[in-house]
Structures are given as C-alpha cells and as structure tokens.
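Asks: 3D, please:
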Amino acid sequence: MNNLVNSVHHTNNPINGMSEYSTASGSNVIIFEITGNQNELLNLNSIRLCAKVGIRNSAGQNVQNFGWISGETGGVGAGTNGLSVDTLQFSNIDTNARVGLSSVIQSITLMDGNNNTLESVYQYGSLLHKVSQLSMSADDMGTWGGCYYGISSYGKALVNQKSLNSDRDLSMKLYTGVLQSKPIPFSLIGNKLKIQILLAPSSQIFFTSDLARDEVGKSADGAKTRGLNARALLRDIKLTYRTIVLPDKAPMLKQYNFRHFTTLQNTISSSNNTTQYHPTATNAISVMSSFIPSEYLNNFSFDSFLTGRLSNGQTLTGGKDEAKVNEIRFLKNSTQFPLQFPVNERVVIRNQSFPSQQLYYYLSTIEQMDRLDNCIVNPTTEVYGSVQEFSNPDYNVPVYGVGIRYDSLNYGQGTNFTNSNYLLRLDSQLDGSENNEVLTQVLSTRKIVMGAGQPVVMV
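Replies: Okay, the predicted model is just below:
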C-alpha cells in the first residue's frame, strides 16, 4: 500500500555561486532558494546549514591555542626552554560558548517567491545567547548543545580551544521564528522560499581572553595583538531540508500562521531610562531584552555576544562596575501593561540580591514557566558564562535580561502594537560613565492569506 505522504530530503547550493567564504573581508552574503510544487510542504524545522568551518589566525594558519609541542598544558605562559610567547605562536582565540560557531551568522532574512519579507532576524548571536540551552550535565556538555552550537565536542574550555585548532564539519540549525513554525505549503509562498544569510565580520565572532592579552603584553615586543585578526573560513556550503509531498488532490490551505522575530536596539547610560519602540506587531507574544556594554560590540578584545547585567565604567581593579536594576516597568502607550505594578522584588541568596521577580517574567518570554527544564536558561544555570562554564564558571557574565510575555496562557493571543508603542522603563544604578546596548527581540505571529491573485503576507 502506498503512503499518503512522502518525505523527501534535499540539498541546495548557494545561488550566488560561491562555495567558500572568509570573514576576513567583513560581511558576506550567502543566498539560498528552496523551490517546491503546489502539492508540497516545506518542513521548516528540518533546515540545516552545512559547511566545513576552519579558524585561521592573522597569518592564515590554523589556530594553535595550546602549545602541546612545547609542553604547555593550557592557557598562555612564558613558554619553555626560554622561548617567548611570540616564539610559541600562541593564539588564544575564543568564541562565545553558548553561541559557538553559529556566531558566524550576523543576520537571516527569509522571503517568499513574491519577494515579501517573512522575517528578518538581526543580532542573531544575541538572540541565540538569550535562548540557548546550557546545563551542567555531562550529557548536554557531551554534545555541546547539539544543533545549537553545531560542533561535536564538549563545552569545556580546554576542548573548546582544541576544537578551534582544526576544521570541523558542521550541520547548524537556523533559529528564527519562521523556522520554528509548522510545515508551510509552497502554494502560499509563491512556490519558493529565499534565505539570505549575512555572515558576521571577524571582530564580532572572535575575542581573546583577558589572560591572553595580559600575558602577550609581557612579550619582548610588547604587542597585545597575538591571536587577534582571526577569521573563519567556510567551505562546501550547502543547505539541507525536507519536503512533504501530499497526494495530488489534497485540499490546499487558504491561510497559514507563523512565528516571527523583530529585532530592536537602543543605547542607554542614564539611571532612569525609558526606551521606546514601535514593534508594528499585531500579535506580540513576548518581548525580551538583554544588555551588553557598547564597547564590547565588534571588538576583538571582548565577547560580542554576552548578555550580562548593566555596567558602569572600569573600576580601580580593571573590571566592570555592575549597575543593578532597581525597578522595571513595562508600558504600552505610556500605560503600565500588562502588569499594573513595577517589577522590583528582591530575595537574598548567599548574601547576594537575587532579582527573582525579574527572572520570573524574563524566563516566561523564552518558554512558559511550566515547561522550563534544565536545558533552558533557568535559575540554576543563569549565572554561568564564557567558555569556562564547565570547569571554572565566571559569575560576572550571566545570561541576564528583562522581558514580559503577553500570551501567558499560550493561546496564541498576544497584544496589538499597531499604531502603539512599547516602553521599557528602567530604574538602575547607571551613573553615565558607560554606554550600554539594549538588544530587544519581539516574538509575534504573522499570517499568510490566499488572495485573489496571489498569497498576501499580513502583519
């Protein structure tokens, strides 16, 4: 007996004719087109970006993050047998542990066959860092987050460093709102889905640890740039996906609902700041914001994807002075909504202030509270960051943010921001000594409706 539905696996090459890209020259664009017939559905969750990724140092050579030949066991030191750091050619190049080599992607744009934009996700690494799984269990670390990170090694610092020393075959899941949606009929997207991937510049992907900068600064030439100017080399780039073939006489859908991310950004430095956005979303499900010092963005010396607390300028010891958030208000058209009270609860844990109420509402933007487990950012893992999360957690770089969910019952009914504005009012301890970026993602739903002539994308 024949199956009513067949699943077919496909592989596509970029249509702009390039199979090898380097981030050394800045941003590059990779364009794919997925085509199908009227009786086919595209399984959006099956889409993977496949490539062989290699990390190169400033001289175009494979990275040598650890000097195994010289007897070094890890980190950066003065070397052995009187050799200097420069002689040993230490690189000490890092990538963000949660985002991994998905950090090579800066933005993703999805369009239908009629050139309607379905979704444009900017600050892709920041979005991944907000929602990526990171637990302390050996099983999770053994796959390094699996499809999120796209690399088959442990997340432990030592192994992460070694993994960067050789080329890796990656099969990377692309995380956007559309690509989390149900299978979509080709008939509703003009028989074509266009995927445009903008690669990030090297300065956004890689950074050198404080230890590396300090030790390299002690070398004979006094330079602090060893290991910087790294670049990612992507070869044999392909897109794999599955389609679902329906019987010829199967009824066709007249409309389709899908998820959608909108990315917003603002700079703040004052203690009492109101950030105003116009999301233009008819059905906003949740809004989540994270913070990062402005100087960290596109800077080889810092991790561009951290989602830490607000910070003031440098302290006397060289670190960042944390600026605590005292009170949060979520507003719509200058009226508190959906909460009629400020978020300001404090619970002391281990002699430290723990913003439990703020955490509750922030986590609800990622997933409903009753569905949270130890694979999603949660109260037991939110204080870990950097590539050393397994062996030497750094409590100063947490996954941290503020946010609110408008669809608390998960009915798919959010709030309408058409001709309205969203305001985030933060009362914090910022003293104006440093600018902080507020990176915000709005998750909403959109709809494609079959019109008289062709499908129409509705906001």
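Asks: show me where the stretch 101-250 of the chain has helices.
Replies: All helices of the stretch 101-250 of the chain, identified by DSSP state H, counting those that start in this stretch, fall at 124-131, 138-143, 157-163, 202-205, 210-216.
Asks: show me which positions of the longest strand along the chain end up buried.
Replies: Taking DSSP state E as the criterion, the chain has its longest strand at strand 40-56. Across strand 40-56, burial judged by 16 or more other Cβ atoms under 10 Å covers 40-44, 46-49, 51, 53-56. (Each C-beta comes from the backbone N, C-alpha and C, glycine too.)
Asks: switch those residues over to TSV; also include distance to residue 233 and pLDDT.
Replies: Formatted as TSV, the buried residues of strand 40-56 follow (distance: Cβ to Cβ, whole Å; pLDDT from 0 to 100):
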residue	distance to residue 233	pLDDT
40	35	93
41	35	95
42	30	96
43	30	95
44	28	94
46	26	90
47	23	91
48	19	89
49	15	89
51	9	87
53	7	84
54	5	83
55	8	83
56	6	82
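Asks: which one of these is nearest to residue 366?
Replies: residue 44 (19.7 Å; Cβ to Cβ).
Asks: residues contacting the nearest residue to the closest one once chain neighbours are set aside?
Replies: Closest residue to residue 44 apart from its sequence neighbours, by Cβ to Cβ, 6 or more residues apart in numbering: residue 179 at 4.9 Å. Residue 179 makes contact with 44-45, 47, 110, according to Cβ atoms under 8 Å, 6 or more residues apart in numbering.
Asks: ok, the residues you listed vs residue 428, which is closest?
Replies: Lowest distance from residue 428 to the contacts of residue 179 (Cβ to Cβ) belongs to residue 110, with 35.6 Å.
Asks: pretty sure the closest one is touching residue 193, no?
Replies: Yes. If you go by Cβ atoms under 8 Å, residue 110 and residue 193 touch, sitting 6.6 Å apart.
Asks: ok, back up a step: among the helices of the stretch 101-250 of the chain, which gets the worst mean confidence?
Replies: Of all these, the segment with the smallest mean pLDDT is helix 138-143, scoring a mean of 35.
Asks: for residue 415, give me its contacts.
Replies: For residue 415, counting by Cβ under 8 Å, 6+ apart, the contacting residues are 283-284, 332, 337-338, 406.
Asks: in PyMOL, select just the buried ones from those residues.
Replies: Selection of buried members from these for PyMOL, criterion 16+ other Cβ under 10 Å:
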select buried, resi 283+284+332+337+406
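Asks: next, format the contacts of residue 415 as JSON lines and append pLDDT and secondary structure.
Replies: Output for those, formatted as JSON lines (pLDDT from 0 to 100; DSSP: H, G, I helix; E, B strand; the rest coil):
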{"residue": "283", "pLDDT": "93", "secondary structure": "coil"}
{"residue": "284", "pLDDT": "94", "secondary structure": "strand"}
{"residue": "332", "pLDDT": "95", "secondary structure": "strand"}
{"residue": "337", "pLDDT": "93", "secondary structure": "coil"}
{"residue": "338", "pLDDT": "93", "secondary structure": "coil"}
{"residue": "406", "pLDDT": "93", "secondary structure": "coil"}
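Asks: mind putting the contacts of residue 415 into CSV with distance to residue 164?
Replies: Supplementary listing: the contacts of residue 415 in CSV, determined by distance: Cβ to Cβ, whole Å:
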residue, distance to residue 164
283, 42
284, 39
332, 45
337, 46
338, 44
406, 41
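Asks: from the contacts of residue 415, pick the one nearest residue 443.
Replies: residue 284 (7.3 Å).
Asks: so where's the stretch 301-450 of the chain uncertain?
Replies: 314-319, 345-354, 367-399, 410 (pLDDT under 70).
Asks: redo that, cut-off 80
Replies: Counting by pLDDT under 80, the stretch 301-450 of the chain contains low-confidence ranges at 301, 314-320, 345-356, 359-360, 363, 366-399, 408-412.
Asks: now do the strands in it.
Replies: 311-314, 320-322, 325-332, 335-336, 347-349, 352-354, 402-405, 422-428, 436-450 (DSSP state E, counting those that start in this stretch).
Asks: related to what we said a few turns ago, does anything pack onto the longest strand of the chain? Which helices or strands?
Replies: Helices and strands touching strand 40-56, as assessed by 3 or more Cβ pairs under 8 Å, 6 or more residues apart in numbering; DSSP states H and E, comprise strand 168-173, strand 184-185, strand 192-199, strand 231-245.
Asks: and it with strand 168-173, angle?
Replies: Computed by axes from the mean of the first three to the mean of the last three Cα atoms, to 10 degrees, the angle separating strand 40-56 from strand 168-173 equals 140 degrees.
Asks: CA atoms only for strand 40-56, dumped as PDB, please.
Replies: Taking Å, rounded to 0.1, in the frame of the first residue of the first chain, the C-alpha atoms of strand 40-56 are listed here in PDB:
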ATOM      1  CA  GLU A  40       4.300  20.000  -1.400                       C
ATOM      2  CA  LEU A  41       5.000  21.400   2.200                       C
ATOM      3  CA  LEU A  42       8.400  22.600   3.400                       C
ATOM      4  CA  ASN A  43       9.400  21.200   6.800                       C
ATOM      5  CA  LEU A  44      10.800  24.400   8.300                       C
ATOM      6  CA  ASN A  45      12.300  22.600  11.300                       C
ATOM      7  CA  SER A  46      14.400  20.400   9.100                       C
ATOM      8  CA  ILE A  47      16.500  23.200   7.500                       C
ATOM      9  CA  ARG A  48      20.200  23.000   8.300                       C
ATOM     10  CA  LEU A  49      23.200  25.000   7.100                       C
ATOM     11  CA  CYS A  50      26.100  22.600   6.400                       C
ATOM     12  CA  ALA A  51      29.700  23.600   5.900                       C
ATOM     13  CA  LYS A  52      33.300  22.800   6.800                       C
ATOM     14  CA  VAL A  53      34.400  25.600   9.100                       C
ATOM     15  CA  GLY A  54      38.000  26.300   9.900                       C
ATOM     16  CA  ILE A  55      39.500  29.000  12.100                       C
ATOM     17  CA  ARG A  56      42.600  30.800  10.900                       C
END
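Asks: what's the angle from it to strand 192-199?
Replies: With the same axes, to 10 degrees applied, the angle from strand 40-56 to strand 192-199 works out at 20 degrees.
Asks: can you give me the angle strand 40-56 makes with strand 231-245?
Replies: Going by the same axes, to 10 degrees, strand 40-56 makes 170 degrees with strand 231-245.
Asks: adjust the sequence numbering to begin at 35 for everything that follows.
Replies: Shifting the count to begin at 35 puts that one at strand 74-90.
Asks: picking that back up, out of the contacts of residue 213, which one sits closest to residue 269?
Replies: Of all those, residue 269 sits closest to residue 81, with 19.8 Å by Cβ to Cβ.
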